[in-house]
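K.L.:
coords below, sequence missing:
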């Protein structure tokens, strides 16, 4: 009986997550520089592209998009991020390729959008984060 309840609870959570709009809800992520701030962390690989939404439905605080390409032993991450809400938070994307890191300018106030391109040496251990700061 307990196993059935655990399965039902897990399946229900998966169904709720799958039924949300094509967005990634911010999670409490302790791997960024400021523990506890809403952020989305995504391990990436060459050829990946992602669009994420930060905040809580139905009134999201920000969104970000990036595409990862690799050529000649280098990784290029190209994208944008935008502040969607006048809540005092800004949106920022940052990440790393191997041991090299990058940070983008913050987008705020509401309506501001930052476009950016970062090229770093290497093509493995690619991590990209979007956060509210």
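P.N.:
That came in fine, so what should we check first? Note that this is a predicted model, so its numbers are computed, not measured.
K.L.:
any idea which element residue 96 lies in?
P.N.:
With secondary structure defined by DSSP states H and E, residue 96 is part of strand 91-97.
K.L.:
and residue 70, what are its bridge partners?
P.N.:
Beta-bridge partners for residue 70, by DSSP bridges, are residue 75.
K.L.:
mean confidence for the helix or strand just after the strand holding residue 96?
P.N.:
Where DSSP H and E defines the elements, the next helix or strand beyond strand 91-97 is strand 100-103. Per-residue pLDDT over strand 100-103 has a mean of 98.
K.L.:
who does strand 100-103 pair up with?
P.N.:
Paired with strand 100-103 in the same sheet, following DSSP bridges, are strand 91-97 (antiparallel).
K.L.:
what sits up against the strand holding residue 96?
P.N.:
32, 44, 54, 61-64, 66, 75, 77, 79, 81-83, 101-108, 114, 116, 118, 120-133 (CB atoms under 8 Å, 6 or more residues apart in numbering). Every C-beta, even on glycine, is put in place using the N, C-alpha and C of the backbone.
K.L.:
got it, and stretch 106-117?
P.N.:
With contact meaning CB under 8 Å, 6+ apart, stretch 106-117 is reached by 62, 76-86, 89-93, 104-105, 133.
K.L.:
among those, the buried ones, what's the ChimeraX command?
P.N.:
Only the buried entries of these go into this ChimeraX selection, using 16 or more other CB atoms under 10 Å:
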select :62,77,79,80,81,82,83,84,85,89,90,91,92,93,104,133
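K.L.:
in helices, which of the contacts of stretch 106-117 appear?
P.N.:
Among the contacts of stretch 106-117, no member falls in helices (DSSP state H).
K.L.:
distance-wise, check residue 125 relative to residue 110.
P.N.:
34 Å (CB to CB, to the nearest Å).
K.L.:
repeat that for residue 57.
P.N.:
18 Å.
K.L.:
look at these two and report which has more neighbours.
P.N.:
Set residue 57 next to residue 110 and count neighbours by other CB atoms under 10 Å: residue 110 wins out with 15 against 10.
K.L.:
the nearest residue to residue 82 once chain neighbours are set aside: how many residues sit nearby?
P.N.:
Distance criterion CB to CB, 6 or more residues apart in numbering; nearest residue to residue 82, sequence neighbours excluded, is residue 113 at 4.1 Å. Other residues near residue 113 number 14, with proximity taken as other CB under 10 Å.
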